[in-house]
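Asker: compute the structure for the input listed below.
(3 chains)
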Amino acid sequence: MLPSVFATQLMAEAGSAAGRPGLLMAVAVTTAAASLWLLLPKGLEHKLTRPAGFILGAVALAAFALAGRRLGSIGEEAVFALVALVAVVSATATIVTRSPVYAAIWFAMTLAGVSGVLLILGAQFLGVATIVVYAGAILVMFLFVLMLAQPSGLASYDRVSSEPMLSAIAGAVLVGLLTISIGRLSAPVPADDVEAAATAESDAPADSVTAVVPDPLFENHVARLGGELFGRHLIAVEAAGVLLFVALVGAIAVVTRGEAAALAEGRPTR
Amino acid sequence: MTPVTHPMSVTSTSLVSASAGLRRRIWPAVAGCLTAMVALLLAVPSHAADTAAVPTAAVPTATAVPSMDLAPDGVLQNGLLHNGLLVGALLFALGLVGILTRRNMIVMFLSAELMLQGVSVSLVSWSRYHGDWGGQMLVIFVLTVAACEAAVALVFVLQAFSRTGRLDANAWQSLRESVLPRTIDQALPPLDGGVTHWPTLTPAGVEPAHDEEALLEREHV
Amino acid sequence: MVENSFDPVTVLLALVPALPLLGCLVTVVQGKMLGSRAHWPAVATISSSALCSLALLGVTIGSVRGASNDKVESVHTLWQWVHVDNAIQGVDAVSGVDVSSADTNASSRPFEINVALRLDPLTATMLSVVTCVGLLVAIFSIGYMHGDPGYPRFFALVSAFVFSMTMLVSASNYLIVYMFWEAVGACSYLLIGFWFRKPEAAAAAKKAFLVNRVGDFGLAVAVFLLWMTYGTLDFHDIVAADGTIFSGILGGTRLANAEGIVGGTVGTAICLLLLLAACGKSAQAPLHVWLPNAMEGPTPASALIHAATMVTAGVYLVARSAPLFVACPDALVVVSLVGGITALIAGLIATVQNDLKKVLAYSTISQLGYMFVSLGTGTLLGFTAAIFHLVTHAFFKALLFMGAGSVMHSMGGVIDMRRFGGLRQLMPITAVTFLIGSLALAGVPPFAGFWSKDEILSSLHARAWPGGHGDHAEEAHAAAGTLPQSVNLEDARATTVRSSDSTAVQPVLFHLTAAAADEHAAEHAADDHSSDGHSTNDHSTGHSEDHAAHAEDTHTAGGSLNTPTTWKAIWWMALVTAGLTAFYTFRAVFMTFTGPLRVPEEAGHHAHESPPAMTYPLMILAGASVISGILIFSTDALGWFLAATPSLWAPAVASTAVPHAFHFDIALQGTIAAAVGIAIAAYGHYGRRSDEPQMERYLGPVGTLFENRFYLDELYVAAVVRPLEILSSFAAIFDSVIIDGTVDTIGRIPPSLAGVVRRLQSGLIQRYALAGVMGVLLIVASLVWSLKQ
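Answerer: Model prediction:
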């Protein structure tokens, strides 16, 4: 139980840390930027840059996590944290890894994480659709393209980045700004009011909590989603179908034209 | 082993062949394991610790699927929204950094897809918060559009590749100002002692050469 | 009399300038199409204009005969050009006299310019001369300019010139005169530079225009001063509907008033400025330098403009403004001095010229100097003699120029007299007419020049030796520097007026008794003593030139210039010039027409007598040179016809009239001078080869001085052209370095800024995306910041 007490204490501190969001965000943003910069491929690299990057990345993630809100129970929090961690870490790995193939694989991991998040959020269909469509179709398409266009060996352009520092800073600052703006939306309820509500609730039997309301998005999820989709958004569905068709035709057209042009110029066609 | 044809086996093969480089990825693996352990340890619900310091509005049940209790002004929903938005923002920002930084066009598009993932998460969070289907509808269409976009974009990438032989975004600089010289990378030293041969996907339709002897030997049953 | 209704005189007056204008426009528009017939519009319109002028002359003669001692003037206002109300307060601010009417409200007067044409004896004379000589020149040009590619342009310009000149002499307003003063200058520029591709011609045209500009400046300032002094620029009086008379500057009411014309400093300034203008246009020293160079133009143009008509515009202006000059005796002396000095130096320069046209050009300058000498005497005889000489000079100088043109045409463009000779056998008509013209120019009786020159010398003699022909009162006047005036104006008029009706006189005629004259003299003496005195002695030729150059200063020389000594000096200058005139004229005649026949190679097949189109005008002008002088003199047209011009009818001028007489002694002196000149010329050049220097050998360094035109051109270059070139080089440097530098520097700012910005466009799309992301961050940050509030 010691780790749980430790964790609880950690979270208690986090609650108080939420009272000083500025410092926390500053720390988070700085460490995130530094870690990204360290992690991004930059050609010549010292042996320790990547480990340092990982450590700093962990610190940044912890800081961002502290900026998050508490969920219902530790279990929920743990699951969400795990899934989110998978997603974010895999995303980071996608963009920092040298090999494009590895990047595709890490992307698949990211998709897994995202799917988990979507499932936690109750979007069952989308959670599965993400895996099916993205990981099953789009990612495979990427891999096919990689297969067709693979460089022999580790290409030089995979080992260098364009403007790593500025981009890292930009990304980190963006996250910081968005987090601050998210924070505005969900100001924490003052502790004494919640405590009073909690004690009042804890007195009552667990089943009769008035706040429990069936989730309209949860029951018969897929059926309801389908009904919504083909009811209210029917035209959009048709348009999406047309879009898919157009993309299909367009892709083929570009390829055939490209082949004709390549023939004319004497380049090898693919 | 059978010839690799199925996409999923491609993935698994890659994973397997990537284990050689796992040493470099030891740290995220360790971090991930530690977190997993912590999460498992803490999976046991403890009521006492919750009510004192953590504002809650409902008693969570230890179900596999967390109960999505809807309280419009409840902190619970706010918390999920907040965290979901945070994750979405992180994914979006990471995808953005990837686009801005990586020069391989495939990785750039992967990063773009990553941004779309972030957006999807945000949209679904909002949909959950408001109890509205709109967000999830939009995500479906985002998915659709992402697919189309990926298709067409990758065709263009291949066209570009066929013209220059490289997947480098910096290969295309013709739109620069005429007074500026072409940006050329400094020559990088070759990887020393490192992997000189990266695993590549085998050309489609060609059976790779394999050692007959090794195939007939079995270490385990 | 001011008439404003439709009547034949108005029509004729308007037609005289309008017809050549029409001819010019038709030639301009249709010139190319007309081709070799392009002379028809010009000749037709100028001849019609000449007929109208002669008709007007007849009308004027009739009016003078019927006017009996009165002035004759007929003003026809065509339209009102400018009218600005309340432009000037009061009138005659200087003299304090309100001559507008008996009403002394001194109300403000408008600035009003009416395009009004006038008809009086002076105008009629000038119109006839201008149009007739213009017609003859146009006919001559048919032959001379035959085959020239600019044939239509020439006739357009000649028509334009005739239009401008006729408007100039018939305008009744100083501003209109100024306009057409400029116009004739412009026509002269265009005609001198007719063959503009020849650099010397273009340069000569520019020189003529720029030197004329100096004179034009004088006229402009004079117009300003006239406006400020008199409140009007009209010559004539304007009678308003309610009977109020607004006096013109040369109007009857003002001239009849003794105080009408302003004298003193302002008056002298006006007169000297008018003299400056006249010097510019009539090529008097020091503004004479353009006329010899103007010979680059076609010879008919030289004949018309630079001999007969344009150069006489200055003489016309001074004659027209006679009352103004008479009110300022100092200005008169300056006029005479300028004329005398110019005549002398031009005559000296002409003696060593080898270019036939240059000889004639300097001769023109010299003869114009004669006219100015005559104008400067300030007497009625002086003014009318100047006009007389203007008329006769127009005939024989145009004749001489056209003769030179005929010679030049035959000699294939060669005009250097040393290269040809003995042409009388080749071109008899030209030779004879040229000889007649030369005799007229030299002043040999009974040719035209003799009579006019005689009148000038008489007038001059009367000023130099005033006691010679009058009583002692005139000596007193001379000592005080005033004009010799007849004691009784009426008597003076009576002897010159043919009509016996002498009782109809203006009520404002005044009689100048001796006492009143002494009063007048005392006034002048007080005036003179109040200003600085120049000693009478230091008026050598060179200093007078200098003085003439500063003539426009209001620093009057004091009354000390106006002494009999000065006039005697001018007399001797005139006499010597008469001799010189005869000499160089006949030197030219003998070199060209006598001696062995020599024809230059350029002549080719041209070396024959000119075609009839060229010889008929020569013959007509030769006839005019013979008879015009004796005709005018014997009928005393000057005394009764020209004297009816309002300017000359003015009591201030008319009171100086003397009885018409032939002064034998003066004529004898003039003739002797001419004879001596002809004799020396004959001795040196008759029958000899023209390329052997004769009299020039004896001149030595003095000859070099004459040949180099007294180094006046070089003086101008050093004193005017070089400083201007230096100044303009400074200005050029300033313009190119500072102004252009500033503009260029400012112009370099956008490219340099752009050069900084354009580095951003590297062609690398990820850098572009990064820039976009930076922008997005800014937007998001601002949104977050706004949410904070």
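Asker: next, count neighbours for the closest residue to chain B within chain C.
Answerer: Residue nearest to chain B within chain C: C:G763 (3.0 Å; Cβ to the nearest Cβ). No exception for glycine: its C-beta is placed from N, CA and C like everyone else's. C:G763 is flanked by 16 other residues according to other Cβ atoms under 10 Å in any protein chain shown.
Asker: quick check, it in contact with B:S174.
Answerer: Yes - with contacts counted by Cβ atoms under 8 Å, C:G763 reaches B:S174, the gap being 6.3 Å.
Asker: what sits in contact with each of the two?
Answerer: Overlap of the contact sets of C:G763 and B:S174 (by Cβ atoms under 8 Å, 6 or more residues apart in numbering or on different chains) is empty.
Asker: flag every residue of chain B that's near chain C.
Answerer: B:96, B:99-101, B:103, B:169-170, B:172-177, B:179-180, B:182-183 (Cβ under 8 Å from any Cβ of the partner chain).
Asker: ditto for chain A
Answerer: A:162-163, A:166-167, A:170, A:173-174, A:177-178, A:180-181, A:184.
Asker: any chance of those in CSV, plus distance to chain B and pLDDT?
Answerer: Compiled in CSV, the residues of chain A next to chain C are given as follows (distance: Cβ to the nearest Cβ, whole Å; pLDDT from 0 to 100):
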residue, distance to chain B, pLDDT
A:S162, 6, 86
A:E163, 7, 86
A:L166, 8, 89
A:S167, 4, 91
A:A170, 7, 92
A:V173, 9, 91
A:L174, 5, 92
A:L177, 9, 87
A:L178, 4, 87
A:I180, 10, 80
A:S181, 9, 77
A:R184, 11, 61
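Asker: just the ones of these in helices?
Answerer: A:166-167, A:170, A:173-174, A:177-178, A:180-181, A:184 (DSSP state H).
Asker: any idea how far A:G122 is from chain C?
Answerer: In this view, A:G122 and chain C are 28 Å apart by Cβ to the nearest Cβ, to the nearest Å.
Asker: and that residue, that one's in a strand?
Answerer: No - going by DSSP: H, G, I helix; E, B strand; the rest coil, the assignment for A:G122 is coil, not a strand.
Asker: quick one: pLDDT of it?
Answerer: In this model, A:G122 is scored at 88, pLDDT.
Asker: try B:A18
Answerer: pLDDT, B:A18: 42.
Asker: what do you get for the one 10 residues further on?
Answerer: Per-residue confidence (pLDDT) for B:P28: 52.
Asker: likewise C:V223?
Answerer: 95.
Asker: in the helix or strand where it lies, which residues are buried?
Answerer: Per DSSP states H and E, C:V223 falls inside helix C:199-230. Across helix C:199-230, burial judged by 16 or more other Cβ atoms under 10 Å in any protein chain shown covers C:201, C:204-205, C:207-209, C:211-212, C:214-216, C:218-223, C:225-227, C:229-230.
Asker: any idea which helix or strand comes after it?
Answerer: Heading C-terminal from helix C:199-230 (DSSP H and E), you reach strand C:238-239.
Asker: what strands line up against that next one, and which way round?
Answerer: strand C:245-246 (antiparallel) (DSSP bridges).
Asker: state the mean pLDDT of the strand it pairs with.
Answerer: 74.
Asker: which residues touch it?
Answerer: C:100-101, C:109, C:232, C:234, C:237-240, C:253.
Asker: buried residues, the helix ranked longest in chain B. List them.
Answerer: Secondary structure of chain B read by DSSP H shows that its longest helix is helix B:134-164. Applying a neighbour-count criterion of 16+ other Cβ under 10 Å, one finds B:135-144, B:146-155, B:157-162 buried in helix B:134-164.
Asker: domains for chain C, by residue range?
Answerer: As recorded under automatic domain parsing, the domains making up chain C are C:2-491+C:541-707, C:708-758, C:763-789.
Asker: okay, these in TSV with distance to A:I131 next?
Answerer: Below are the domains of chain C laid out as TSV (distance: least, Cβ to Cβ, whole Å):
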stretch	distance to A:I131
domain C:2-491+C:541-707	92
domain C:708-758	47
domain C:763-789	29
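Asker: out of these, which comes closest to B:V206?
Answerer: B:V206 lies closest, by Cβ to Cβ, to one member of the domains of chain C: domain C:763-789, at 34.6 Å.
Asker: the residues of chain B next to chain C, buried ones only, as a ChimeraX selection?
Answerer: Command for ChimeraX that selects the buried part of the residues of chain B next to chain C, burial taken from 16+ other Cβ under 10 Å:
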select /B:96,99,100,101,103,169,170,172,173,176
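Asker: in the stretch 101-250 of chain A, what residue spans correspond to helices?
Answerer: For the stretch 101-250 of chain A, the helices defined by DSSP state H, counting those that start in this stretch cover A:124-129, A:139-148, A:156-159, A:164-185, A:191-203, A:221-231, A:234-265.
Asker: mean pLDDT lowest for which of the ones you listed?
Answerer: Minimum mean pLDDT among those: helix A:191-203, a mean of 45.
Asker: quickly note the distance from C:L457 to chain A.
Answerer: Applying Cβ to the nearest Cβ to C:L457 and chain A gives a distance of 104 Å.
Asker: name the nearest residue to that residue, sequence neighbours excluded.
Answerer: Nearest non-adjacent residue to C:L457, counting by Cβ to Cβ, 6 or more residues apart in numbering or on different chains: C:I666, 4.8 Å away.
Asker: next, count neighbours for the one you found.
Answerer: Counted with other Cβ under 10 Å, C:I666 comes out at 22.
Asker: quick check: it is in a strand.
Answerer: No - counting by three-state DSSP, one finds C:I666 to be helix, located in no strand.
Asker: can you pull the contacts of it?
Answerer: Counting by Cβ under 8 Å, 6+ apart, C:I666 has contacts C:454, C:457-458, C:461.
Asker: can you tell me which of those residues lies closest to chain A?
Answerer: Ranked by distance to chain A (Cβ to the nearest Cβ), the contacts of C:I666 are led by C:L457 at 104.4 Å.
Asker: isn't that closest one up against C:W572?
Answerer: No - contact criterion Cβ under 8 Å: C:L457 and C:W572 do not qualify, at 11.3 Å.
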